[in-house]
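Peer 1: sequence unavailable; structure follows:
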């Protein structure tokens, strides 16, 4: 279950709350965009190890793939830079068929 939040302060507060409550969490941040992208650089989403998330990095286009990657990151502790775009064969699969590219950095919160 996910939700849209109103900005970075809300995401950071949620991340801190979830972490303090003992949940393992990862933070995803849009770090680069090319062409048309659904959300701007700096947009964030927090994901816990159960797949619960808050915020958005693409308005719904790539959230499923980011959640899956975040859960892997919580298992191995290794941050990742994810890239999605129309030239990527996964673009249609993840819903980024409208054009543009997006890079999202996903890191475990410690």
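Peer 2: Perfect, I can see it now. If you're wondering where the values come from, they're calculated on a predicted model, not measured in any experiment.

Peer 1: need the longest strand for this structure.
Peer 2: Criterion DSSP state E: the longest strand present in the chain is strand 25-34.

Peer 1: for that one, buried residues please.
Peer 2: Neighbour counts over strand 25-34 (16 or more other C-beta atoms under 10 Å) mark 25-31, 33 as buried. All C-beta spots, glycine's among them, are computed from the backbone N, C-alpha and C.

Peer 1: against which helices or strands is the helix or strand containing residue 19 packed?
Peer 2: Per DSSP states H and E, residue 19 falls inside helix 8-20. If you count contacts as 3 or more C-beta pairs under 8 Å, 6 or more residues apart in numbering; DSSP states H and E, helix 8-20 packs onto strand 25-34, strand 44-48, strand 53-55.

Peer 1: picking up where we left off before, which other helices and strands contact the longest strand of the chain?
Peer 2: So strand 25-34, by 3+ C-beta pairs under 8 Å, 6+ apart, packs with helix 8-20, strand 44-48, helix 63-76, strand 101-108.

Peer 1: any idea which of the helices and strands packed on helix 8-20 gets closest to residue 75?
Peer 2: strand 25-34 (10.3 Å; C-beta to C-beta).

Peer 1: now do that closest one: everything it contacts.
Peer 2: Strand 25-34 is contacted by residues 11, 15, 18-19, 37, 39-49, 57-58, 66, 70-71, 73-74, 81, 85, 100-109 when judged by C-beta atoms under 8 Å, 6 or more residues apart in numbering.

Peer 1: so the residue found closest to residue 104 once you drop the neighbours it is linked to in the chain, which state does it fall into?
Peer 2: Closest residue to residue 104 apart from its sequence neighbours, by C-beta to C-beta, 6 or more residues apart in numbering: residue 82 at 4.7 Å. Classification of residue 82 by DSSP: H, G, I helix; E, B strand; the rest coil places it in strand.

Peer 1: ok, residue 82 - how many residues close by?
Peer 2: 19 (other C-beta atoms under 10 Å).
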